[in-house]
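[1] for reference, the sequence and a predicted model appear below.
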Amino acid sequence: MSDQGLFLTLEGIDGAGKSSHLDALEALFKAQGRTVVRTREPGGTPLAETLRGLVLEKPMDPLTESLLVFAARRDHIAQVIGPALARGDVVLCDRFTDATFAYQGAGRGFDNAVLSTLEQWVQGQAGGTKLLQPRITLWFDLAPEIAAQRLAGARVPDKFEAQPVEFFRRVAQGYADRASADAQRFVRIDASQTRDQVWLQIESALRARGVLAGGRAG
Ligand SMILES: Nc1ncnc2c1ncn2[C@@H]1O[C@H](COP(=O)(O)OP(=O)(O)OP(=O)(O)O)[C@@H](O)[C@H]1O
Ligand SMILES: Cc1cn([C@H]2C[C@H](O)[C@@H](COP(=O)(O)O)O2)c(=O)[nH]c1=O
């Protein structure tokens with residue numbers, strides 16, 4: 001699997017505001033002449049979308065939940081993400097493995113060592129120890145209380161969105177821990193600001209990382 005494309009993920013607790021910026025991100029890269037593959041996890045292929053339905057709606061234990069999100073991810077990488085990166089495309093993915101460490105690991109209290117093993121199996125690349133990882137992760141950091149207010153009444157809550165604020169405090173801490181462990185990859189976005197201000201943060205972070213300035217910098 002080549003890494004000549006640009007793999008960019010968006011992460012954060014439910015309601016942090018990630019999805020609100022996907023259209024603009026896609027347009028930004030297209031304006032640079034890039035081909036953009038926009039996708040999400042769990043999901044992104046017919047099989048993975050079926051698994052998503054189960055994960056978001058059915059009660060299950062944390063190991064089952066983890067196995068299903070990684071099974072969905074495996075299919076997603078094999079069918080969509082890997083081929084797109086090999087073509088040199090920009091892959092814009094709404095959530096990836098950081099969500100598993102944040103939700104199943106920190107949120108549910110599941111064993112991070114098991115998650116790391118699954119990550120190696122699923123994201124291991126042929127002939128080496130290197131894992132397929134996003135090049136840049138935009139982490140939308142928002143207090144769980146504000147996220148809950150934003151989501152209230154916006155839509156019927158799924159299994160995760162219906163969790164109490166304490167769950168999201170743990171998930172938020174999980175993201176903060178992931179970000180400090182991989183500061184080069186993570187860009188913290190202050191998601192408490194207005195949509196316009198959030199967008200300016202995103203654009204300026206991408207420019208600072210050199211992925212927007214002229215030509216193919218991915
Ligand atoms: N900066 C902002 N200020 C106020 N409200 C916002 C802001 N950004 C998004 N919203 C609103 O908050 C709600 C959640 O936004 P959005 O769906 O983009 O979040 P998300 O992180 O993608 O959530 P999820 O992961 O649960 O799908 C929406 O109603 C959206 O209109
Ligand atoms: C990838 C992934 C996701 N989740 C959770 C996080 C969210 O609550 C939902 C996805 O919903 P969204 O509206 O598309 O954000 O799934 C998870 O628990 N584990 C994961 O690995």
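    Thanks, I have the structure now. If you're wondering where the values come from, they're calculated on a predicted model, not measured in any experiment. Ligands and ions are numbered 1, 2, ... in the order given.
[2] spell out which parts of the chain neighbour ligand 2.
    By Cβ under 6 Å from any ligand atom, the residues of the chain that approach ligand 2 are 14, 40-42, 56, 69, 94-95, 99-100, 103-104, 160. Any C-beta I mention is one placed from the backbone N, CA and C, and that applies to glycine too.
[3] so what's the nearest residue to residue 58 once chain neighbours are set aside up against?
    Distance criterion Cβ to Cβ, 6 or more residues apart in numbering; nearest residue to residue 58, sequence neighbours excluded, is residue 159 at 7.6 Å. With contact set as Cβ atoms under 8 Å, 6 or more residues apart in numbering, residue 159 has these partners: 55-59.
[4] of those residues, which belong to helices?
    Counting by DSSP state H, these place 55-57 in helices.
[5] OK, contacts around residue 182?
    residue 137.
[6] OK, contacts around the residue minimising distance to the centre of the chain?
    Nearest residue to the geometric centre of the chain (Cα atoms, centre = their mean): residue 95, 1.8 Å. When contacts are counted by Cβ under 8 Å, 6+ apart, residue 95 is found next to 9-11, 18, 40-42.
[7] now residue 108: how far from ligand 1?
    17 Å (Cβ to the nearest ligand atom, to the nearest Å).
[8] pull the longest helix from this structure.
    Max-length helix for the chain by DSSP H is helix 165-181.
[9] and it, average pLDDT?
    For helix 165-181, the mean pLDDT works out to 98.
[10] just stretch 135-149 next, same as before
    The model assigns stretch 135-149 a mean pLDDT of 97.
[11] go on, stretch 187-205?
    Averaging pLDDT along stretch 187-205 yields 98.
[12] which positions in it come out as buried?
    187-189, 191, 198-199, 201-202, 205 (16 or more other Cβ atoms under 10 Å).
[13] what's the answer for stretch 120-132, then?
    122-123, 132.
[14] which residues in this protein form helices?
    Secondary structure of the chain (DSSP H): helices at 22-31, 46-57, 62-76, 82-87, 97-100, 112-123, 144-151, 165-181, 195-208.
[15] nearest to residue 137, of those?
    Among the helices of the chain, the nearest to residue 137 by Cβ to Cβ is helix 97-100 (6.2 Å).
[16] and the closest one, how far from the chain's centre?
    Chain-centre distance of helix 97-100: 7 Å, with Cα atoms, centre = their mean, to the nearest Å.
[17] send over it as PDB, restricted to the C-alpha atoms.
    What follows is helix 97-100 as a C-alpha-only set of coordinates in PDB (Å, rounded to 0.1, in the frame of the first residue of the first chain):
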ATOM      1  CA  THR A  97      -8.900   4.400  14.900                       C
ATOM      2  CA  ASP A  98      -8.400   7.300  17.300                       C
ATOM      3  CA  ALA A  99     -12.200   7.000  17.800                       C
ATOM      4  CA  THR A 100     -11.800   3.300  18.800                       C
END
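[18] can the helices of the chain go into TSV with extra columns for distance to ligand 1?
    Below are the helices of the chain laid out as TSV (distance: least, Cβ to the nearest ligand atom, whole Å):
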stretch	distance to ligand 1
helix 22-31	8
helix 46-57	10
helix 62-76	14
helix 82-87	21
helix 97-100	9
helix 112-123	20
helix 144-151	4
helix 165-181	10
helix 195-208	4
